[in-house]
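K.L.:
Prediction below, plus the sequence it came from.
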Amino acid sequence: MITRRRLFLGTAATLLSMSTGKLFARDEIIPLWPDDPPGGGGPSGELHVSLNGSWSNIVSPAIQRFRPENPNGEAVLIAAGGGYRWIGMGREAWPVARWLNANGYTAYVLSYRLPHEKWRAGPLAPLQDAQRAIRLVRSFERKVHLLGFSAGGHLLGMAAARPDFVSYTPQDPLDQVVPRADSVGLIYPVITLEAPYQHTTTHLMMAGRHATPADEANWSVQNYVTRRYPPTFLAQAEDDRTANPINSELMRDTCRRMRVPVELIQITKGGHGFGLGKAGTPAALWDQAYVRWLDNLA
């Protein structure tokens, strides 16, 4: 019988060489689950990769490891955005991973399940993957930082806020590890799904078209922030028309209220989904600020 894990390992190296121009060894693609993910279900067939390197049809969620030449002993788990419809690997995750490597950080890129792809766990599926990924990276690394973009920011923001939430039945001894992060970076994130900010695709995928106020509150990151939330870095453009900049301001204010160390980089222009940002533009400034912030946490 060919399991999802074996199917993924058999095709991943080829897909990555096509999409990134670099062939990674198969042991750098680490499946999250020993076999099928919790709850079962999900799509079949091959991973879908768009022309810009976005992934969908996630049959086997995994992390991809990028190793630096001169590691500093710390790791960053990256979750790209895509409104939980796809995952922006080509424009967000992989460029950021290579850039982090240049600064000494080992990078892990998360390919998480997308709720609409027939997973029986529904909107819990990506959170299950995020928690499992944190546990897995924690088993390899001394420090684990989280860095999420857009919907990936929503996902990692929620995972950082709820390390004690049991989102799935333990699968093996790894699930005894508490999925706690050392810091969290949220770049143009979706934070709240509550009124009047229900227009995002994240809201549609996670809370649903006919969501109640309780549903929206249950999937809003700010409602789970406590004094135990990890130090937080935020960056967002003032002209973001996809995720209202209020999201980052709300998260900053919530962190301050809970006495969580927080820094917000407000970018004058850049829109949404700028990734590392084009050189010479205001959106290209957040990355160095983030690395300085990480270095100061040590």
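P.N.:
That came through fine. Numbers count the residues shown, from 1 in each chain.

K.L.:
Please work out how many residues are found near D164.
P.N.:
Neighbour count for D164, taken as other Cβ atoms under 10 Å: 9. All C-beta atoms are positioned from the backbone trio N, CA, C, and that covers glycine.

K.L.:
what residues are up against it?
P.N.:
Residues in contact with D164 (Cβ atoms under 8 Å, 6 or more residues apart in numbering) are V178.

K.L.:
Offset the numbering so it begins at 563, please.
P.N.:
From this message on, residue numbering opens at 563, which makes the last subject D726.

K.L.:
Please report phi then psi for it.
P.N.:
Per-residue torsions, D726: phi -90, psi 0 (degrees, to the nearest 10).

K.L.:
Now do it, the pLDDT please.
P.N.:
The model reports D726 with a pLDDT of 96.

K.L.:
gap between it and M768?
P.N.:
Distance of D726 to M768, given as Cβ to Cβ, to the nearest Å: 20 Å.

K.L.:
Quickly note the distance from the spatially closest residue to Y786 that is not a sequence neighbour to T816.
P.N.:
Nearest non-adjacent residue to Y786, counting by Cβ to Cβ, 6 or more residues apart in numbering: A723, 3.7 Å away. Distance of A723 to T816, given as Cβ to Cβ: 10 Å.

K.L.:
Overlap of the contact sets of these two?
P.N.:
The contact sets of A723 and T816 overlap at V787 (Cβ under 8 Å, 6+ apart).

K.L.:
Skipping its backbone neighbours, what lies nearest R653 in space?
P.N.:
Excluding its sequence neighbours, the residue lying closest to R653 (Cβ to Cβ, 6+ apart) is G837, at 5.2 Å.

K.L.:
what's near enough to touch the one you found?
P.N.:
By Cβ under 8 Å, 6+ apart, the residues touching G837 are 650, 653-654, 657-658, 711.

K.L.:
Including neighbour count, secondary structure and distance to A624, could the residues you listed go into a markdown table?
P.N.:
Listed next are these as a markdown table, based on neighbours: other Cβ atoms under 10 Å; DSSP: H, G, I helix; E, B strand; the rest coil; distance: Cβ to Cβ, whole Å:
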| residue | neighbour count | secondary structure | distance to A624 |
| --- | --- | --- | --- |
| G650 | 24 | strand | 16 |
| R653 | 19 | helix | 19 |
| E654 | 28 | helix | 17 |
| P657 | 17 | helix | 19 |
| V658 | 24 | helix | 17 |
| F711 | 31 | strand | 18 |
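
K.L.:
Name the nearest of the residues you listed relative to R627.
P.N.:
Checking the contacts of G837 against R627 by Cβ to Cβ gives V658 as the nearest, at 14.1 Å.

K.L.:
which residues touch the closest one?
P.N.:
V658 neighbours (Cβ under 8 Å, 6+ apart): 640, 669, 709, 711, 837-838, 849.

K.L.:
and stretch 665-683, what's its mean pLDDT?
P.N.:
In this model, stretch 665-683 has an average pLDDT of 97.

K.L.:
What are the buried residues along that stretch?
P.N.:
665-677, 679, 681, 683 (16 or more other Cβ atoms under 10 Å).

K.L.:
Give me the below-cutoff pLDDT ranges for the chain.
P.N.:
Within the chain, the stretches with pLDDT under 70 are 563-589, 860.

K.L.:
Swap in 90 and give it another go.
P.N.:
Where the chain drops to pLDDT under 90, the residues are 563-589, 840-842, 860.

K.L.:
At which residues are the helices of it located?
P.N.:
For the chain, helices defined by DSSP state H occupy the ranges 566-582, 656-664, 686-702, 713-723, 763-768, 775-780, 808-819, 848-859.
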